[in-house]
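Peer 1: here is a sequence with its predicted model. Questions after.
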Amino acid sequence: MTDLAQRKCKPCEGGVEPLAPDAARTLLAALDDAWSLSDDGRSIFREFHFPGYGRTMAFVNAVAWIATVEGHHPDLRVGYSKCVVDYTTHAIGGLSDNDFICAAKIDRLLADA
């Protein structure tokens with residue numbers, strides 16, 4: 001499989017089916033083990049922990065940059081020392097390659113930090 005972090009997101013405006021559960025699990029296996037598939041199979045999520053607010057916000061800003069460059073935006077839940085990143089492709093009501101590409105870019109970001 002091509003390294004997900006090297007790929008670019010493709011615009012998705014609907015009209016395609018979300019990834020099948022088996023395809024989602026295969027792509028999930030290419031990510032850090034901390035990523036999880038939601039119970040309904042429509043999203044992936046990961047909780048990140050940091051030593052304080054400044055580091056948390058630096059991470060949030062880096063994720064926002066990835067989202068802007070890729071044109072694919074996660075839902076974020078931000079607290080003092082943690083952030084939960086939740087990816088789904090709203091236009092199709094489920095997962096697409098874009099969700100896994102962006103998650104892989106976040107994994108790479110942390111590996112490079």
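Peer 2: The structure has been received and is ready for your questions.
Peer 1: show me what contacts the closest residue to residue 19 other than its chain neighbours?
Peer 2: Nearest non-adjacent residue to residue 19, counting by CB to CB, 6 or more residues apart in numbering: residue 95, 4.5 Å away. Using the backbone N, CA and C atoms, a C-beta is placed for each residue, glycine as well. Residue 95 sits next to 18-19, 24, 41-44, 87-89 when contact means CB atoms under 8 Å, 6 or more residues apart in numbering.
Peer 1: out of the residues you listed, who's nearest residue 53?
Peer 2: residue 87 (23.6 Å; CB to CB).
Peer 1: residue contacts, the closest one?
Peer 2: Residue 87 touches 43-45, 72, 74-75, 95, 98-100, 102-103, counting by CB under 8 Å, 6+ apart.
Peer 1: for ChimeraX, what selects the buried ones among those?
Peer 2: Selecting only the buried entries of the contacts of residue 87 in ChimeraX, with 16 or more other CB atoms under 10 Å as the criterion:
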select :43,44,45,72,74,95,98,99,100,102,103
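Peer 1: so which of the contacts of residue 87 are in helices?
Peer 2: Members of these lying in helices (criterion: DSSP state H): 98-100, 102-103.
Peer 1: in TSV, list the residues you listed along with distance to residue 12 and pLDDT.
Peer 2: TSV is the format used below for the ones in helices among the contacts of residue 87 (distance: CB to CB, whole Å; pLDDT from 0 to 100):
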residue	distance to residue 12	pLDDT
98	6	97
99	10	98
100	13	98
102	12	98
103	15	98
